[in-house]
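> For reference, the sequence and a predicted model appear below.
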Amino acid sequence: MTVEVRNRIGGQLVEAADGARFERRNPADRRQVVSTAPESTAEDVAAAVDAAMDATTAWRRSTPTRRAEVLGAAARILDRRVGELAAEMVAEEGKPLADATNEASRTPRNLDLYAGEAYRLTGATFPSDDTPLVYSTLDPVGVVGVITPWNFPLNMASRKIGPALAAGNTVVFKPSPMTPLMGDRLAEAFAEAGLPDGVLNVVHGVGAGAMLVADERVAAITFTGSTATGRAIHANIGLGRRVQLELGGKNPIVVLADADLDTAAAVVARSSFSLSGQACTGAGRILVDESVHDALVERIVRLAGAHVLGAGDRPEVTQGPLVDERAVQSMVEATDQAVRDGATLCCGGRPATAGDLAAGNFFPPTVLTDVRPGTPLATREIFGPVIGIERVSGLDEALASANGVEYGLSAAICTRDLAAAQRFAAEIQAGMVRVNRPTVGAAFNAPFGGTKQSGTGLHREQLGPTVMDFYTQLRTVWMGT
Ligand code: NAD
């Protein structure tokens, strides 16, 4: 059944001004239209910002208890709906049911965490020579624009909307056009939780993100998505407005000669093939010491071949579809280009089209060896289950090669040598480092963010103890008598 999603502006469910809609098809079966949503115009986006501006004063004056109660109530509603949300996520986004259930269950945890932040917006007092009281406060910044990708449609949005609302900001939320239903479900929970009209508005569409960025009344933009879109946003944000960009990655795993190879192969398979390689922290580059190269490749290829492809609602399936047909085509192109650049194809490399798979966007885990540093497979984000393995000799060469890309999001090393692990953790150019652990995953209370072209902005971290910095404005007051 197709769900017809509408924009949410000032508490009303509305169509685009010109009535235009777009559709989202099930990536595992393109014959099914899962959702349709308004293709918002500039007029719609301006109306959403108007509504958010109108709601600003009352929400910034609301008590911490009121904000915490609304976030908590939304969390309880989402908790009760984990099963339905996960099933809809499988149909709209494509990830296997276990992964969708995991995401739907973690989303309310984010809101619970940020509900508490409403009470922790503390300032400081400063000893002063000329006035008895100097103190600072943390104020809301105003209207926050939230722009999200499709690959974690609930979790990513909740970890932006949660802190924005807890700090007393109002929000205009622009979900990915791949996952309008998930975006709407999150906003629906807030509406049912009693969030006042206009505090959280939602506009859908392909062009709405750029329109939101262009509106000077939006004081802060928090964006997660590709580096290319992040660059476009960065170029359009002028002085006096905030921007937080969480972008793409080309995340390396280094495997040293002393690594436990079964652990290393499992780390690679989980990092590279889970969620069909469609995680920003997924590993696309494997840098292996030449002494263990062949033994590791054999293990990785075996694990790659063990995946069961199919629609995510089937229990035996371990790898769902890619997000759309364009993504499948880009996997083909990446594989062919790598082979032209001298790489050897070990497995995969062509779309999976047997039986029911022909109706969906399926591409199997693909492993290429003899990948040369500097070639596209070694340097560009692929965002799918295609990985390149490079031979290195020791930690120095591995570090130099791993750092030779424009990205710096997540990285891992597999070794039993503590000194090597510590040096890697200190010298790899990445916001997040793992030792004998997959590059993917996040702890909802620990900092999450990248460096270089993977993340910019003064307050780049999402999650962790500094998360409220982006959503608050520091004010210092000299109190005379
Ligand atoms: P995308 O950049 O294509 O789109 C992200 C969002 O931006 C969507 O809502 C889209 O409609 C909107 N958008 C598109 N053009 C815009 C513009 N000019 N101005 C404003 N908004 C615009 O990314 P995607 O395909 O949805 O997601 C995949 C990408 O996201 C990958 O590169 C992945 O690495 C990255 N990602 C990063 C993180 C992280 O935390 N660093 C997490 C998840 C995904």
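It's in.
> Every contact and neighbour count from this point should use C-alpha atoms.
Fine.
> gap between the residue nearest to D215 when sequence neighbours are not counted and the ligand?
Counting by C-alpha to C-alpha, 6 or more residues apart in numbering, D215 lies nearest to A46, which is 7.6 Å off, once chain neighbours are set aside. With the distance defined as C-alpha to the nearest ligand atom, to the nearest Å, A46 ends up 15 Å from the ligand.
> In three-state terms, label A46 for me.
helix (DSSP: H, G, I helix; E, B strand; the rest coil).
> Tell me, how many residues neighbour it?
Residues lying near A46 (other C-alpha atoms under 10 Å) number 17.
> Next one: it from K174, what distance?
13 Å (C-alpha to C-alpha, to the nearest Å).
> now S35
S35 sits 16 Å away from K174, going by C-alpha to C-alpha.
> Those two: who's more crowded?
K174 (29 against 23).
> which ones are touching the more buried one?
G145, V146, I147, T148, V202, V203, H204, G205, A208, G209 (C-alpha atoms under 8 Å, 6 or more residues apart in numbering).
> Would you format those residues as JSON lines with distance to the ligand included?
Below are these laid out as JSON lines (distance: C-alpha to the nearest ligand atom, whole Å):
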{"residue": "G145", "distance to the ligand": "10"}
{"residue": "V146", "distance to the ligand": "9"}
{"residue": "I147", "distance to the ligand": "5"}
{"residue": "T148", "distance to the ligand": "5"}
{"residue": "V202", "distance to the ligand": "12"}
{"residue": "V203", "distance to the ligand": "10"}
{"residue": "H204", "distance to the ligand": "8"}
{"residue": "G205", "distance to the ligand": "7"}
{"residue": "A208", "distance to the ligand": "7"}
{"residue": "G209", "distance to the ligand": "3"}
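> what does stretch 101-118 contact?
With contact meaning C-alpha under 8 Å, 6+ apart, stretch 101-118 is reached by 64-65, 67-69, 71-72, 74-76, 78-79, 82-83, 85-86, 152, 154-155, 158-159, 162-163, 166-167, 444, 468.
> Write the ChimeraX selection for whichever of the residues you listed are buried.
Buried residues within the contacts of stretch 101-118, by 16 or more other C-alpha atoms under 10 Å, are selected in ChimeraX with:
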select :64,67,68,69,71,72,74,75,76,78,79,82,83,85,86,152,154,155,158,159,162,163,166,167,444,468
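> From the contacts of stretch 101-118, list the ones also adjacent to the ligand.
Among the contacts of stretch 101-118, no residue lies close to the ligand (C-alpha under 6 Å from any ligand atom).
> wait, what's in contact with G305?
C347, P365.
> Ignore what I typed, I meant N436.
T263, A264, V267, A412, I413, C414, T415.
> ok, and the most crowded of these?
Neighbour-wise, the contacts of N436 (other C-alpha under 10 Å) top out at I413, 31 neighbours.
> so how far is the ligand from it?
Taken as C-alpha to the nearest ligand atom, the span from I413 to the ligand is 20 Å.
> Figure out how far whichever strand or helix holds that residue is from the centre of its chain.
Using DSSP states H and E, I413 falls within strand 410-414. A distance of 19 Å separates the centroid of the chain from that of strand 410-414, by C-alpha atoms, centre = their mean, to the nearest Å.
> Ok, stretch 463-472 next?
17 Å.
> buried residues in that stretch?
For stretch 463-472, using 16+ other C-alpha under 10 Å, the buried residues are L463, V467, M468, D469, F470, Y471, T472.
> follow-up on the earlier one: between the contacts of N436, which sits nearest the ligand?
Nearest to the ligand out of the contacts of N436 is A412 (C-alpha to the nearest ligand atom; 16.0 Å).
> So which bits of the protein are right by the ligand?
Counting by C-alpha under 6 Å from any ligand atom, the chain sits next to the ligand at 147-150, 174-177, 206, 209-210, 224-227, 229, 232-233, 246-249, 280.
> Direction included, what does the helix or strand bottoming out on mean pLDDT in the chain pair up with?
The weakest-scoring helix or strand in the chain, judged by mean pLDDT, DSSP states H and E, is strand 455-456 (a mean of 82). In the sheet, strand 455-456 lines up against strand 242-246 (antiparallel) (DSSP bridges).
> any idea which helix or strand comes after the strand it pairs with?
With DSSP H and E, the next secondary element past strand 242-246 is strand 251-255.
> contacting residues around R475?
S136, T137, L138, D139.
> where's it, which helix or strand?
strand 472-479.
> again, but for D18
Using DSSP H and E, no helix or strand contains D18.
> ok, the residue lying closest to it once chain neighbours are set aside - contacts?
Of all residues not flanking D18 in the chain, T41 sits nearest, at 7.6 Å (C-alpha to C-alpha, 6+ apart). T41 makes contact with A16, A17, D18, G207, A208 under the criterion C-alpha under 8 Å, 6+ apart.
> Can you get me a residue count around D130?
By other C-alpha under 10 Å, the burial measure for D130, its neighbour count, is 10.
> do the same with the one 10 residues further on
Look at P140: counted by other C-alpha under 10 Å, it has 25 neighbours.
> how much space is there between N151 and L275?
9 Å.
> Among the residues of the chain next to the ligand, which ones are in strands?
Among the residues of the chain next to the ligand, the ones falling in strands (DSSP state E) are I147, K174, T224, E246.
> show me the contacts for the first one.
I take that to be I147. Applying C-alpha under 8 Å, 6+ apart, the residues contacting I147 are A157, F173, K174, P175, S176, G209, I221, T222, F223, T224.
> With respect to D197, which of those residues is nearest?
F173 (13.9 Å; C-alpha to C-alpha).
> Give the buried residues for the longest helix seen in the chain.
The longest helix of the chain (DSSP state H) is helix 97-117. Within helix 97-117, the residues that qualify as buried are 97-101, 103-117, counting by 16+ other C-alpha under 10 Å.
> what's the answer for stretch 313-331, then?
Under 16+ other C-alpha under 10 Å, the buried positions of stretch 313-331 are D313, V317, T318, Q319, G320, P321, L322, V323, D324, A327, V328, M331.
> First-to-last residue distance for it?
For stretch 313-331, the end-to-end distance is 24 Å (C-alpha to C-alpha).
> Only alpha carbons, please: show stretch 9-27 as CSV.
Output in CSV follows, covering the C-alpha atoms of stretch 9-27 (Å, rounded to 0.1, in the frame of the first residue of the first chain):
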residue,chain,number,x,y,z
ILE,A,9,3.8,23.4,8.3
GLY,A,10,2.6,25.2,11.4
GLY,A,11,0.8,22.1,12.6
GLN,A,12,-1.1,21.6,9.2
LEU,A,13,-0.6,18.7,6.8
VAL,A,14,-0.3,20.4,3.4
GLU,A,15,0.4,19.7,-0.3
ALA,A,16,3.1,21.6,-2.2
ALA,A,17,1.8,25.0,-3.5
ASP,A,18,1.6,23.7,-7.0
GLY,A,19,0.4,20.2,-6.0
ALA,A,20,3.5,18.4,-7.4
ARG,A,21,4.4,15.1,-5.8
PHE,A,22,7.2,12.6,-6.2
GLU,A,23,7.2,8.9,-5.5
ARG,A,24,9.5,6.5,-3.7
ARG,A,25,9.7,2.9,-4.9
ASN,A,26,10.7,-0.2,-2.8
PRO,A,27,14.4,-0.7,-3.7
